[in-house]
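Participant: Need coordinates for the following:
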Amino acid sequence: MSFKAEGLHARNFKTWRTVIALMLREMATSYGRSPGGYLWAILEPVGGLAVMTIAFSMAFRSPALGNNFPLFYATGFLPFMMYMDVSNKISNSITFSRQLLFYPSVTYLDAIIARLLLNSLTQLLVFYMLMYGLLTIFDTGNILNYAAILNALGMALVLAFGVGVMNCFLLTRFPIWQRVWSIITRPLFIISTIFFILESIPQPFRDYLALNPLVHVVGEMRRGFYATYDATWVNPAFVYGVGLVLATLGLIFLARYHREILNR
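Facilitator: Numbering: from 1, shown residues only. Below you'll find the predicted structure:
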C-alpha cells in the first residue's frame with residue numbers, strides 16, 4: 001500500500017511540475033516577447049472601456065444602471081473578455097504545445113490545465129485592478145455584493161473551461177470548425193447584454209437572449225455591483241451545467257482521439 005501511495009504522490013508531483021513548466025513557457029512566449037508584456041492585458045480592456053464610455057455617453061444621458069458609464073460597461077465587458085480570453089486559450093492548448101506533447105511526461109491534460117490556470121489568474125488580476133481603479137477614481141459609493149461577484153467570476157470561468165475544452169477537441173479534429181465557430185460567435189459581443197440590461201428587451205426576444213449563458217454571467221456581475229438590481233432571472237445552475245457538460249464531453253472525446261490528433 002505504501003508503494004502505491006508513494007507512486008501516486010510522485011505522479012501528482014510530476015504532473016504539477018509539468019503544468020508549472022508549461023505556464024512559465026507560455027508566460028515567456030505570449031507576454032515576454034511583445035513590448036509591454038503583461039501591460040497589454042490591462043491596456044486592452046481599458047481602451048475598450050474608454051471607447052464605449054465616450055461613444056455611449058454622447059448618445060445617452062445615463063447608463064441603464066447607476067450614473068457611471070465606465071462602471072456599467074465594465075461589469076459587462078470584463079466578464080465577457082474573461083470568458084473569451086480563457087476559452088480561446090484553452091481551445092488552442094494542443095496546437096500551442098503540440099511539439100511538447102510527444103514527450104511521455106507531457107499530456108494534453110497538462111496543457112489544458114496550464115492554460116486554464118495561467119489565463120484565469122491573469123484575467124482575475126486584470127478584473128481586480130480595473131474594478132478597484134474605477135471604484136477609487138469615480139468614488140461611486142456602490143454597495144458591493146461580493147458573493148454575487150465571485151459567483152459571476154466562477155460562472156464565467158467554468159463556462160470558458162467547458163467551451164474551451166470542447167473546442168480544443170473540435171478545432172484539432174475538424175479544422176473547418178474554426179471558421180464555423182468564428183461565424184457563430186461573431187454576434188456574442190452584441191447579444192451578451194454588455195451595452196444594456198435584459199429587462200429592457202421586450203418579449204419574446206428576452207427569453208431568446210436568456211438562452212445565452214453569458215447573459216446570466218453579466219446579470220449576476222451587475223447584481224453584485226448594483227444593490228438595487230435584483231436580476232431574479234439569473235440562473236447559475238444553467239451556466240454551470242452548460243460548462244460542466246461541455247467540459248465532460250470534451251475530455252471524453254480528447255481521451256478517445258488525442259493520439260490520432262497528435263499523429264496528424
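Participant: Sticking with the residue nearest the centre of the chain, tell me its helix or strand.
Facilitator: By C-alpha atoms, centre = their mean, the chain has its centre lying nearest to residue 83, at 2.1 Å. Assigning secondary structure by DSSP states H and E places residue 83 in helix 69-91.
Participant: That helix packs against which elements?
Facilitator: Applying 3 or more C-beta pairs under 8 Å, 6 or more residues apart in numbering; DSSP states H and E, we find helix 69-91 packed against helix 39-59, helix 108-138, helix 146-173, helix 188-191, helix 213-225. No exception for glycine: its C-beta is placed from N, CA and C like everyone else's.
Participant: Residue 110: neighbour count?
Facilitator: Residue 110: 23 surrounding residues under other C-beta atoms under 10 Å.
Participant: Hmm, it is touching residue 22, no?
Facilitator: Yes - contact criterion C-beta atoms under 8 Å: residue 110 and residue 22 qualify, at 6.1 Å.
Participant: now the closest residue to residue 196 other than its chain neighbours, what's its secondary structure?
Facilitator: Counting by C-beta to C-beta, 6 or more residues apart in numbering, residue 196 lies nearest to residue 64, which is 5.7 Å off, once chain neighbours are set aside. Three-state call for residue 64 (DSSP: H, G, I helix; E, B strand; the rest coil): coil.
Participant: rewinding a little: my guess is the residue nearest to the centre of the chain contacts residue 154. True?
Facilitator: No - counting by C-beta under 8 Å, residue 83 sits too far from residue 154 to count as a contact (11.7 Å).
Participant: And stretch 239-252, what's buried?
Facilitator: By neighbour count on 16 or more other C-beta atoms under 10 Å, the buried set for stretch 239-252 is 239-240, 242-243, 246-247, 250-251.
Participant: Would you format the residues you listed as CSV with secondary structure, distance to residue 28 and pLDDT included?
Facilitator: Shown next, in CSV, are the buried residues of stretch 239-252 (DSSP: H, G, I helix; E, B strand; the rest coil; distance: C-beta to C-beta, whole Å; pLDDT from 0 to 100):
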residue, secondary structure, distance to residue 28, pLDDT
239, helix, 33, 98
240, helix, 33, 98
242, helix, 34, 98
243, helix, 29, 97
246, helix, 30, 97
247, helix, 28, 97
250, helix, 27, 96
251, helix, 27, 95
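Participant: Out of those, flag the one nearest to residue 104.
Facilitator: Distances from these to residue 104 were compared by C-beta to C-beta; the smallest belongs to residue 251, at 19.8 Å.
Participant: Contacts only, for that closest one.
Facilitator: Residues counted as contacts of residue 251 (C-beta atoms under 8 Å, 6 or more residues apart in numbering) are 109, 165.
Participant: can you do 7 Å?
Facilitator: residue 165 (C-beta atoms under 7 Å, 6 or more residues apart in numbering).
Participant: Equivalent analysis for residue 73, please.
Facilitator: Contacts of residue 73 (C-beta under 7 Å, 6+ apart): 49, 52-53, 194.
Participant: mind running it again at 6 Å?
Facilitator: The contact partners of residue 73, taken as C-beta atoms under 6 Å, 6 or more residues apart in numbering, are 49, 52.
Participant: how much space between residue 165 and residue 152?
Facilitator: Separation of residue 165 from residue 152 (C-beta to C-beta, to the nearest Å): 21 Å.
Participant: what does residue 231 give?
Facilitator: Residue 231 is 10 Å from residue 152, by C-beta to C-beta.
Participant: of those two, who's got more company?
Facilitator: Per other C-beta under 10 Å, whichever of residue 231 and residue 152 has more neighbours is residue 152, with 28 against 18.
Participant: ok, and the helix or strand in this structure with the lowest average confidence?
Facilitator: The weakest-scoring helix or strand in the chain, judged by mean pLDDT, DSSP states H and E, is helix 2-26 (a mean of 66).
Participant: And residue 262, how far from residue 96?
Facilitator: Residue 262 is 13 Å from residue 96, by C-beta to C-beta.
Participant: quick one: which of the two has more around it?
Facilitator: residue 96 (20 against 14).
Participant: wait, what's in contact with that one?
Facilitator: Going by C-beta under 6 Å, 6+ apart, residue 96 touches no other residue.
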